[in-house]
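**Q** Below is the structure, and that's it, no one-letter string:
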């Protein structure tokens, strides 16, 4: 299974694994699954860190790179199709970062790992 991480799921995987649900933890530890981190999450992390709303053990550039390597994640860049698809999404969620993750997951048939109840309202596979 290909699993796209929501930003909070990535942060918990990286620094607070006890916050993950048991189901998410098992799926993320399964080496048969491909785990993806989207550039959108990195953008959200950088913005929140710079504004003082997110504390990390190291600056975002080091934190993200270290976590990608430590957890063998595949990094996915933001693409135009994901952005253009936003206009087709129902207005279930207002957070632009989450909407981009939903858009990418839908376009690519990915499972999205997230505890966010609003994301569960979209027609996609959610893991939590």
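**A** Arrived safely. These numbers were taken from a predicted model, which means no experiment stands behind them. Residues are numbered from 1 along each chain as shown.
**Q** okay, now residue 44: neighbour count?
**A** Using other C-beta atoms under 10 Å, residue 44 has 24 neighbouring residues. Placement of C-beta: from N, CA and C, glycine included.
**Q** Quick check: mean pLDDT of the helix or strand it falls within?
**A** Here residue 44 is covered by helix 39-50, with elements defined by DSSP states H and E. The pLDDT scores in helix 39-50 average 98.
**Q** Likewise for stretch 69-83?
**A** 97.
**Q** List the buried residues in it.
**A** Using 16 or more other C-beta atoms under 10 Å as the test for burial, stretch 69-83 gives 73, 76, 82.
**Q** Can you give me the end-to-end span of it?
**A** Taking C-alpha to C-alpha, to the nearest Å, stretch 69-83 runs 27 Å from one end to the other.
**Q** Show me the contact partners of that stretch.
**A** Stretch 69-83 is contacted from outside by 4-5, 13-14, 28, 34-40, 43, 67-68, 100, 103-104, 107, using C-beta atoms under 8 Å, 6 or more residues apart in numbering.
**Q** Let's see that with 10 Å instead.
**A** Applying C-beta atoms under 10 Å, 6 or more residues apart in numbering, the contact partners of stretch 69-83 are 2-5, 10, 13-14, 28-29, 31, 34-43, 64-65, 67-68, 85, 99-108, 110.
**Q** Among these, name the ones in strands.
**A** Counting by DSSP state E, the contacts of stretch 69-83 place 2-5, 34-38 in strands.
**Q** Farthest-apart pair in those residues, please.
**A** The span of these, defined through C-beta to C-beta, is set by 34 and 38 at 13.1 Å.
**Q** Common neighbours of these two, please.
**A** Common neighbours of residue 34 and residue 38 (C-beta under 10 Å, 6+ apart) are 4, 74, 110.
**Q** from the residues you listed, which is closest to residue 22?
**A** Using C-beta to C-beta, the shortest approach to residue 22 within these belongs to residue 4, at 19.5 Å.
**Q** For residue 60, see how far away residue 45 is.
**A** For residue 45, the distance to residue 60 equals 5 Å [C-beta to C-beta, to the nearest Å].
**Q** do residue 81 as well
**A** The gap separating residue 81 from residue 60 is 26 Å, by C-beta to C-beta.
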